[in-house]
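**Q** This is the structure alone, sequence omitted:
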């Protein structure tokens with residue numbers, strides 16, 4: 001069965017899979033053409049809904065995160081993703097690392113930021129993470145530097161529910 005499923009997707013997934021593999025090892029977010037990315041994301045969502053796996057879906061347009069178990073949504077919350085200048089990249093990822101707190105540092109348009117004790121941080125691609133945000137309450141609006149910001153209580157629930165390896169689907 002795996003072989004048939006692999007054969008079915010191998011033509012549309014060949015390039016995106018290579019890009020994601022390279023991005024995982026290099027820490028660079030994938031830059032897949034939108035049509036290829038959309039097909040791959042759609043196929044991944046369909047496969048996850050036919051499984052019993054836990055997985056996370058981030059809808060960039062709706063600014064909403066939904067936690068799923070197979071085809072059953074078990075939790076949903078409003079989030080803030082990357083602003084226009086720092087868009088959160090669409091794609092198929094998985095939780096790579098989890099930290100109860102983390103320090104986030106970076107630069108945006110010449111201004112540096114240094115945020116200590118970022119709660120419930122789960123990295124899914126390079127420096128992109130899902131985490132709680134105590135420094136704003138503009139959830140539902142893209143205001144981050146590319147991460148998925150959540151209310152702290154929602155981030156705590158998700159952190160306790162998801163494990164390393166949990167699939168993360170980011171889509172428009």
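**A** Received it, and whenever you're ready, just let me know what you need. Quick caveat: nothing in here was measured; it's all calculated off a predicted structure. Residues are numbered from 1 along each chain as shown.
**Q** Only the buried residues of the longest strand anywhere in the chain, if you could.
**A** When the chain is parsed with DSSP state E, its longest strand is strand 111-125. Neighbour-count burial for strand 111-125, counted by 16 or more other Cβ atoms under 10 Å, picks out 118-125. C-beta: built from backbone N, CA, C; applies to glycine.
**Q** Now tell me what touches that strand from outside.
**A** Strand 111-125 has contacts (Cβ atoms under 8 Å, 6 or more residues apart in numbering) with 23-24, 29-30, 89, 91, 93-107, 129-135, 145, 150, 152, 155-156, 158-159, 162, 168.
**Q** Let me know the distance separating the residue nearest to residue 101 when sequence neighbours are not counted from residue 152.
**A** Among residues not flanking residue 101 along the chain, residue 117 sits closest, at 4.6 Å (Cβ to Cβ, 6 or more residues apart in numbering). Using Cβ to Cβ, to the nearest Å, we find residue 117 at a distance of 11 Å from residue 152.
**Q** surely residue 154 meets residue 76?
**A** No: with contacts counted by Cβ atoms under 8 Å, residue 154 stays clear of residue 76, the gap being 9.1 Å.
**Q** shared neighbours of those two, anything?
**A** Here residue 154 and residue 76 share the contacting residues residue 65, scored by Cβ under 8 Å, 6+ apart.
**Q** For those two, indicate the residue with more neighbours.
**A** Taking other Cβ atoms under 10 Å, residue 154 and residue 76 do not tie; residue 154 has more neighbours (19 against 15).
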